[in-house]
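K.L.:
what would the 3D arrangement of this be:
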Amino acid sequence: MRSGSSADAPLAPHPGLRHNAAMTSHYTTFGVIGAGAWGTAIAQMLTREGQSVLLWALEPEVADAVNARHENTAFLPGVPLNPALRATAHLGDLAGLDALFCVTPAQHTRATLTRLEGWFKPHAPVVLCSKGIELSTGKFMTEVLAEELPDAMPAVMSGPSFAIDVAKGLPTAVTLAMRDPALGAELIQAISTPTFRPYLGTDLLGAEVGGAVKNVLAIACGIALGKGLGRSAHAALIARGYAEMTRLALALGAEAETLTGLSGLGDLVLTCSSETSRNMSLGLALGQGQSLAGVLSARHSVTEGVATAPVLRQLARARGIEMPISEAVAAVIEGEISVDEAILALLMRPVKAETTRA
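P.N.:
Next up, the predicted model:
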């Protein structure tokens, strides 16, 4: 594989931090599974002096563009990539690396992890960066990982982070949850930069719930703005959506504090407030009268909330948890009701006390 000199790298981490991470961490070789916008941004962030990063792309032409042009022309066009970043279309090339970041879409994560078996370094961290729930099983990504690579050390990275911001080196903070705080701190030491700040957590489930639910809620917020319902309605949806997210997380055994942090409230606010979010922009298009099929057919990247909404509704119903906003989005996605009917149903709900428990 080709790579250029690191002398013209567009992003240069602080020299002291580079030296400190390289000297104190056992994590120096990284693989990123999935070369969409977010996977490419993570690989860009990881690529720095003393660390080797290999980005796996499903499409050989994407790997070729990263190696030859130092740009992901398909998924992150216009962003110069560090010439030290290498890409491959062969999953086996990731064998033996110190840590892997899995950034494939949630509905394809299981199949990708299955292919990785045999090349995976036992007990190495696998950092799950996809934000969704498996449609066929109703399982979160940590559960999928445990079934497919039981020897992996699971971690979840989630938070308010747009790929374009991370790839350009703009300031970003996320949660990195890992059950072993000491190993989590070591991994954070290896990947943090002055502009990319992971905060350590141990509640993997809470981080996953926040990341998955916020995508569905962002569709609802987009619909509201697309219909011209105003910013007051938009703010109400964020607040009541946060209550839904918290109810589900607590019912599943997550920690309330996680939901108040970057992977919960932080990610919710960002995703529900910017058209840069694929979920928010999809909802906006639906609110403006476009069809779901039409919006999706015009997109090159996955909109995770579309697959998550139906399985989230099933999960909430099975647990007896009220999630009316998420229910409405699922009904619209499944074609059971129109956008206008969904809005009316929410407006006609009985007035009750404000609480995260009802």
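
K.L.:
could you list the low-confidence segments of this protein?
P.N.:
1-24, 351, 355-358 (pLDDT under 70).

K.L.:
repeat that for 80
P.N.:
For the chain, the stretches with pLDDT under 80 are 1-25, 49-50, 350-358.

K.L.:
how's it carved up into domains?
P.N.:
6-202, 206-347 (automatic domain parsing).

K.L.:
quick one: P125 and M153 touch, right?
P.N.:
Yes: if you go by CB atoms under 8 Å, P125 and M153 touch, sitting 4.5 Å apart. C-beta here means a position set from N, CA and C on the backbone, and glycine is covered the same way.

K.L.:
what is in contact with these two at once?
P.N.:
Applying CB atoms under 8 Å, 6 or more residues apart in numbering, one finds that P125 and M153 are jointly contacted by M178, L183.

K.L.:
residue contacts, G31?
P.N.:
Contacts of G31 by CB under 8 Å, 6+ apart are V53, L54, L55, W56, L94, L97, A99, L100, F101.

K.L.:
put together JSON lines for those residues, with secondary structure and neighbour count on each row.
P.N.:
Converted to JSON lines, these look like this (DSSP: H, G, I helix; E, B strand; the rest coil; neighbours: other CB atoms under 10 Å):
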{"residue": "V53", "secondary structure": "strand", "neighbour count": "23"}
{"residue": "L54", "secondary structure": "strand", "neighbour count": "23"}
{"residue": "L55", "secondary structure": "strand", "neighbour count": "30"}
{"residue": "W56", "secondary structure": "strand", "neighbour count": "27"}
{"residue": "L94", "secondary structure": "helix", "neighbour count": "21"}
{"residue": "L97", "secondary structure": "coil", "neighbour count": "20"}
{"residue": "A99", "secondary structure": "strand", "neighbour count": "23"}
{"residue": "L100", "secondary structure": "strand", "neighbour count": "27"}
{"residue": "F101", "secondary structure": "strand", "neighbour count": "25"}
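
K.L.:
quick check, nearest of these to R110?
P.N.:
Using CB to CB, L100 is the member of those that lies nearest R110, at 15.0 Å.

K.L.:
ok, that closest one to F120 distance?
P.N.:
8 Å (CB to CB, to the nearest Å).

K.L.:
what sits in contact with each of the two?
P.N.:
What both L100 and F120 touch, as defined by CB under 8 Å, 6+ apart, is the set V126.

K.L.:
so who does I321 touch?
P.N.:
R247, L248, A251.

K.L.:
quick one: those residues as a markdown table, columns for secondary structure and distance to A207 too.
P.N.:
Below are these laid out as a markdown table (DSSP: H, G, I helix; E, B strand; the rest coil; distance: CB to CB, whole Å):
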| residue | secondary structure | distance to A207 |
| --- | --- | --- |
| R247 | helix | 17 |
| L248 | helix | 13 |
| A251 | helix | 16 |
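
K.L.:
all helices of the stretch 51-200 of the chain, in order?
P.N.:
Ranges of helices in the stretch 51-200 of the chain, per DSSP state H, counting those that start in this stretch, are 60-69, 109-116, 141-148, 163-167, 181-191.

K.L.:
mind putting those into TSV with distance to H234?
P.N.:
As requested, the helices of the stretch 51-200 of the chain are exported to TSV (distance: least, CB to CB, whole Å):
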stretch	distance to H234
helix 60-69	35
helix 109-116	31
helix 141-148	29
helix 163-167	22
helix 181-191	34
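
K.L.:
which one, of those helices, ends up nearest to A316?
P.N.:
helix 141-148 (17.2 Å).

K.L.:
in the closest one, what's buried?
P.N.:
Residues M141, T142, E143, V144, L145, E148 are the ones in helix 141-148 that count as buried (16 or more other CB atoms under 10 Å).

K.L.:
stretch 261-274 too?
P.N.:
So stretch 261-274, judged by 16+ other CB under 10 Å, has buried residues G261, L262, S263, G264, L265, G266, D267, L268, L270, T271, C272, S273.

K.L.:
what about that stretch, start to end distance?
P.N.:
Terminal residues of stretch 261-274 lie 19 Å apart, using CA to CA, to the nearest Å.

K.L.:
renumber starting at 117 from here on
P.N.:
Fine by me, first position is 117 from now on; the one you just mentioned is stretch 377-390.

K.L.:
what sits up against that stretch?
P.N.:
Residues contacting stretch 377-390 (CB under 8 Å, 6+ apart): 272, 274-278, 289-291, 293, 315, 317, 322-323, 325-327, 329-331, 333-334, 337, 350, 353-354, 357-358, 361-362, 365, 374-375, 393, 395-396.
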